[in-house]
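**Q** Any chance you can model this:
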Amino acid sequence: MAAVVLVHGLYHRPEHFAVVAERLRAAETEVVVPELHRGSLPADTAAVQSAVDALPEPPIVLGHSYGGSVITGVRGAGHLVYLAAFVPDVGESAAGLGGASPQLQDAITPGPVGSTSLHPGRAAATLYGDCPDPLATWAVGLLRAQAPGCGRGVPERHSWKRTPSTYVVCARDRAIDPDLQRQMASRCTDVREWQTGHSPFVGQPDLVVELLRELLAADTSRGREAGAATTR
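**A** Numbers count the residues shown, from 1 in each chain. This next block holds a predicted model:
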């Protein structure tokens, strides 16, 4: 069975991908959405690596925002998708690449023991500004506090150097500068650009589903061609 691993970003939860996961599963695609918030980039990467290792075939692995740093360190993916995400090279971190926009930084509020949260009103405008108000309110309600330091984590591996990859630039993003996204996208095999805000899996999930189905179909076709070649 074809498989997809969806990796959320800072402050987010697997539930933010609920609609995308449901629609993919309806088409008989296995979908895994690991919970991050493990306290550090290495711990988050290990959680996603476990999910990838548990699958019988190399999956498509999508990382959103900080999730790009996570999937960069994962081995065994068949295809990487960076959705408005960071693509670190050797020695780089999400923060070092440019990090959060000034608007997102203004939404961050300090919490206990160095943790941070997002101001609900500012988060809605920054992360879900292109979503209807009820949908944005739902998404903000799912956000959780974030442990310190994850955005400064440096991946130990750089899988995009060996694995086919697609970068999706979100041209109306208020959380990560679209120009920064375009710079990072140059490191990937393929680049798409959508006229969306930072979180299209909430506001326009069909775009995400269609892209993943396209990539799954292409992977299946390549697999069949490779199988046919070995039998000749």
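**Q** Return the residues in contact with Leu207.
**A** Trp194, Thr196, Pro200 (C-beta atoms under 8 Å, 6 or more residues apart in numbering). No exception for glycine: its C-beta is placed from N, CA and C like everyone else's.
**Q** how about a cut-off of 6 Å?
**A** Trp194, Pro200 (C-beta atoms under 6 Å, 6 or more residues apart in numbering).
**Q** mind listing the strands for this protein?
**A** For the chain, the strands defined by DSSP state E cover 3-7, 30-32, 60-64, 79-83, 108-110, 116-118, 165-170, 190-194.
**Q** Dump those into CSV; add distance to Gln146 as well.
**A** Formatted as CSV, these follow (distance: least, C-beta to C-beta, whole Å):
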stretch, distance to Gln146
strand 3-7, 15
strand 30-32, 22
strand 60-64, 14
strand 79-83, 19
strand 108-110, 9
strand 116-118, 5
strand 165-170, 20
strand 190-194, 25
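**Q** and those as CSV, adding mean neighbour count?
**A** Listed next are these as CSV, based on neighbours: other C-beta atoms under 10 Å:
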stretch, mean neighbour count
strand 3-7, 26
strand 30-32, 17
strand 60-64, 27
strand 79-83, 27
strand 108-110, 14
strand 116-118, 17
strand 165-170, 24
strand 190-194, 16
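**Q** quick one, which of those is nearest to Ser159?
**A** Checking the strands of the chain against Ser159 by C-beta to C-beta gives strand 79-83 as the closest, at 6.4 Å.
**Q** picking that back up, kindly state which of the strands of the chain is positioned closest to Leu180.
**A** Shortest distance between Leu180 and the strands of the chain, using C-beta to C-beta, is found for strand 165-170: 9.7 Å.
**Q** Give me the helices and strands touching the closest one, please.
**A** Here strand 165-170 touches strand 79-83, helix 178-185, strand 190-194, going by 3 or more C-beta pairs under 6 Å, 6 or more residues apart in numbering; DSSP states H and E.
**Q** Just the pLDDT at Ala2, thanks.
**A** Ala2 is assigned a pLDDT of 88 by the prediction.
**Q** what's the answer for Tyr66, then?
**A** Reported pLDDT for Tyr66: 98.
**Q** for it, what are its contacts?
**A** Going by C-beta under 6 Å, 6+ apart, the list of residues near Tyr66 reads Gly9, Leu10, Ala94.
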